[in-house]
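1. Give me the fold of what follows.
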Amino acid sequence: MPGRALRFSLFLLAILALLTIYLPQLQQQPAQAASDADYSRMRLLTEVMGQIQKKYVEKKTPDELLTEAVKGMVSSLDPHSSYLTPEEFKELQIETKGSFSGVGIVLTTRDGILTVVSPIEGTPAYKAGVEAGDRIMKIDGKLTKGMTLMDAVKVIRGTKGTKVVLTILREGQSNFKEIEIIRDTIPIKSVRSYIIEDGYGLIRLANFQENTTDDLVAALKKLQSQKVPLKGLIIDLRTNPGGLLTEAVNVSDQFLDNGLIVSTRGRDAGQEMVFRATPRMTAGNYPIIVLVNQGSASASEIVAGALQDHRRAMVLGTQTFGKGSVQTILPLEDKGALKLTTARYYTPSGRAIQAKGIIPDLVVPFKQPAPAAKTDKKNKGLSEKDLQGAIAPEGEEEPAKPAKAEPPQDKEQDKTKQDKLHYPKDRLEQDNQMVRALDLLKAWQIFSGHEGLTKAKDSGAVKKQ
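-> Purely as a prediction, here's the structure:
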């Protein structure tokens, strides 16, 4: 017992020594001895740890107590700052590179409540109906009040094939809703591209990870190499929770050949950064519409804001999430890391996005498609043309005999080839925001040839689209 008490005393002295060294630096004060008030607060920490060690109902190691103390200190700063244990730091590194096992949602805390920023497209959470803005009140029956982000992530993630139940409260609703989700491997496919109609392309950006820019460049080249030249492009950033700042800058750079993309400003001058476009633009000089919604956050807001400010694209949809802060990952000696909010970012025109978001040029709320009416073939109305041997309408020949059916295998192969490139028509018809964007791109083509607009372009009154 005396030996253990001695080790604990030495451990507390080591903490005190470390705090004496680092606390003044963290407070941005000149290197000097800590004040009496600082020492008093440090003594409080060691006193509380000592009392817990002696009298708490369950045994707690000094390492456990110190880890939780650090977590509490960092999480009190803002919803996006956190201390990452070595295991959590490894998971974060995996997320930006490949895949992980879980349900596929991005979380934050809003007013102290665990809130969904957005579900990741195609994941179990997305398919189960989790939506941006959902507030998670319970996880497997356990209340989330007081739970840190990292603790929530730990509980929600798990082995592929296992079940987790989220109890959510959706905006505008008064009753809780339980959503059962089966965990799965979450592949992080960042970029998808389609032809909506001949001459009109769609690029869906689900998030921003290490290979996003490379995949985007490949997608642009594919769309621009079709037989029918690209007349317009839709960039879909809806429910895109963000990701790497550098990738957001590089993605924007593919559509801009000069000018400011984004700037960051922190407390110190050394934390200020400016990112500018280079002449390496991949996209052609065609009109662009960017789709956004409440689930568009962080890096996706950087892209939308940059293209909007440069008038390179029209932004359509609903107001974005408003996560306009930059987190820096600072590795620590214990092989963990500090995820610390170090700056705010600003669009080229100087707009701060934090808690404001990007306001679309054209606000178009998403309308839930009406359920398809059921048709009863047995009760389908009968008409003259349905009668056997009926005379064909004037000017029409007898119905042609059906063409010989192609082998099912060939038809399926043709369908597969088409589906990989062409956006499914039924999905388009159920998406009023995308339909509106496509209509605007078509209208742009009509009016771009108008004499008045052509003169305005030549005079410089209309900026390049």
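
2. in the stretch 251-400 of the chain, which segments are predicted with low confidence?
-> Counting by pLDDT under 70, the stretch 251-400 of the chain shows low-confidence ranges at 370-400.

3. just the helices in it please.
-> Taking DSSP state H, counting those that start in this stretch as the test, the helices found in the stretch 251-400 of the chain are 299-309.

4. Centroid-nearest residue for the chain?
-> Within the chain, one residue has its C-alpha closest to the average C-alpha position: by C-alpha atoms, centre = their mean, that is Pro241, at 1.4 Å.

5. Quick check: Leu237 touching Ser296?
-> Yes - shown here, Leu237 and Ser296 form a contact pair, counting by C-beta atoms under 8 Å, at 4.9 Å. C-beta here means a position set from N, CA and C on the backbone, and glycine is covered the same way.

6. overlap in contacts of these two?
-> With contacts defined as C-beta atoms under 8 Å, 6 or more residues apart in numbering, the residues adjacent to both Leu237 and Ser296 are Ala304.

7. For these two, indicate the residue with more neighbours.
-> With other C-beta atoms under 10 Å as the criterion, Leu237 and Ser296 differ in neighbour count, and Ser296 comes out ahead with 34 against 30.

8. show me the contacts for that one.
-> Ser118, Leu237, Arg238, Thr239, Asn240, Ala304, Gly317, Thr320, Phe321, Ile358.

9. and the last one, backbone torsions?
-> Here the main-chain torsion angles of Ile358 (degrees, to the nearest 10) amount to phi -100, psi 130.

10. Start and end of stretch 173-193, how far apart?
-> Using C-alpha to C-alpha, to the nearest Å, one end of stretch 173-193 lies 35 Å from the other.

11. Buried ones in that stretch, by neighbour count?
-> Applying a neighbour-count criterion of 16 or more other C-beta atoms under 10 Å, one finds Ile179, Ile181, Arg183, Asp184, Ile186, Ile188, Lys189, Ser190, Val191, Arg192, Ser193 buried in stretch 173-193.

12. my guess is the second one is in a strand, correct?
-> Yes - the assignment for Ile181 by DSSP: H, G, I helix; E, B strand; the rest coil puts it in a strand.

13. Bridged to it, which residues?
-> Beta-bridge pairing of Ile181 under DSSP bridges involves Val164.

14. Can you show me the strands along the stretch 101-250 of the chain?
-> 105-110, 113-119, 135-139, 142-143, 163-169, 177-182, 184-187, 191-197, 200-205, 232-236 (DSSP state E, counting those that start in this stretch).

15. And the stretch 251-400 of the chain, by the same measure?
-> Secondary structure of the stretch 251-400 of the chain (DSSP E, counting those that start in this stretch): strands at 260-266, 273-276, 288-292, 314-317, 325-331, 337-346, 362-363.

16. of these, which approaches Lys60 most closely?
-> In this view, the strands of the stretch 251-400 of the chain are compared for proximity to Lys60 by C-beta to C-beta, and strand 337-346 is the closest at 22.8 Å.

17. Return the alpha-carbon coordinates of the closest one using PDB.
-> In PDB, the C-alpha atoms belonging to strand 337-346 read as follows (Å, rounded to 0.1, in the frame of the first residue of the first chain):
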ATOM      1  CA  ALA A 337      -4.300  13.600 -30.800                       C
ATOM      2  CA  LEU A 338      -6.000  16.900 -30.100                       C
ATOM      3  CA  LYS A 339      -8.700  17.800 -32.600                       C
ATOM      4  CA  LEU A 340      -8.800  21.500 -31.900                       C
ATOM      5  CA  THR A 341     -10.800  24.300 -33.500                       C
ATOM      6  CA  THR A 342      -8.100  26.800 -34.500                       C
ATOM      7  CA  ALA A 343      -9.800  29.200 -37.000                       C
ATOM      8  CA  ARG A 344     -12.900  30.200 -38.900                       C
ATOM      9  CA  TYR A 345     -13.100  30.200 -42.600                       C
ATOM     10  CA  TYR A 346     -14.400  32.900 -45.000                       C
END
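
18. still on that earlier bit, so which of the strands of the stretch 251-400 of the chain is the most surrounded?
-> Among these, ranked by average contacts under mean count of other C-beta atoms under 10 Å, first place goes to strand 288-292 (a mean of 27).

19. which other residues reach that strand?
-> With C-beta under 8 Å, 6+ apart as the test, strand 288-292 has contacts from 232-238, 255, 300-301, 303-304, 307-308, 312-318, 320, 358, 360, 433-434, 437, 440-441, 465.

20. any idea where the helices of the stretch 1-150 of the chain begin and end?
-> Taking DSSP H, counting those that start in this stretch to define them, one finds helices in the stretch 1-150 of the chain at 2-26, 36-55, 62-75, 86-95, 124-128, 149-156.

21. Mind telling me which of those the model trusts least?
-> Comparing mean pLDDT over the helices of the stretch 1-150 of the chain, the weakest stretch is helix 2-26, at a mean of 46.

22. show me what contacts the residue nearest to the centre of the chain?
-> By C-beta under 8 Å, 6+ apart, the residues touching Pro241 are Val106, Val117, Ser118, Ile120, Asn207, Gly295, Ala297, Ser298, Ser300.

23. how close does it get to His310?
-> Taken as C-beta to C-beta, to the nearest Å, the spacing of Pro241 relative to His310 amounts to 24 Å.
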